[in-house]
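1. below are the sequence and a predicted model; questions follow.
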Amino acid sequence: MVIQSNMTPKDIVEVWEVTTDIFKKYNVSLTKQTLETLIKEEQLALLLQELNFAVGSSTATCIEGG
């Protein structure tokens, strides 16, 4: 599964604990708000890239819907 902007930091950390430090680095609170509502678009792309790298996930390793 690829981490996406419509996911919440709280849910992401519950599944992938390794992402906790990345959220701290970007000063993102572990809330139930989606990433796309919490973070500016410019920074969001970088955050998503770093999160997915940390969990070993990318669009190349996943199929749509799963």
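-> Received it, and whenever you're ready, just let me know what you need. Numbers count the residues shown, from 1 in each chain.
2. okay, buried residues for the longest helix along the chain please.
-> Secondary structure of the chain per DSSP state H: the longest helix is helix 41-55. Buried positions in helix 41-55, judged by neighbour count with 16 or more other C-beta atoms under 10 Å: 47-48, 51-52, 55. Yep, even glycine has a C-beta here, placed from its N, CA and C like the rest.
3. so what touches stretch 33-47?
-> For stretch 33-47, contacts defined as C-beta atoms under 8 Å, 6 or more residues apart in numbering pick out 4-9, 22, 26, 28-29, 31, 48.
4. now that stretch: how far from the chain's centre is it?
-> Relative to the chain's own centre, stretch 33-47 is displaced by 9 Å; criterion: C-alpha atoms, centre = their mean, to the nearest Å.
5. model confidence over that stretch, on average?
-> Mean pLDDT, stretch 33-47: 96.
6. low-confidence bits of the protein, can you list those?
-> The model of the chain has pLDDT under 70 over residues 58-66.
7. and the helices in it, which stretches?
-> Going by DSSP H, the chain shows helices at 9-15, 20-25, 35-38, 41-55.
8. CA atoms only: put the first one into PDB for me.
-> Yep, that's helix 9-15 we're talking about. In PDB, the C-alpha atoms belonging to helix 9-15 read as follows (Å, rounded to 0.1, in the frame of the first residue of the first chain):
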ATOM      1  CA  PRO A   9      -1.000  10.800  10.300                       C
ATOM      2  CA  LYS A  10      -2.600   8.900  13.200                       C
ATOM      3  CA  ASP A  11      -3.700   6.000  11.000                       C
ATOM      4  CA  ILE A  12      -0.300   5.900   9.200                       C
ATOM      5  CA  VAL A  13       1.600   5.700  12.400                       C
ATOM      6  CA  GLU A  14      -0.700   3.000  13.700                       C
ATOM      7  CA  VAL A  15       0.200   0.800  10.700                       C
END
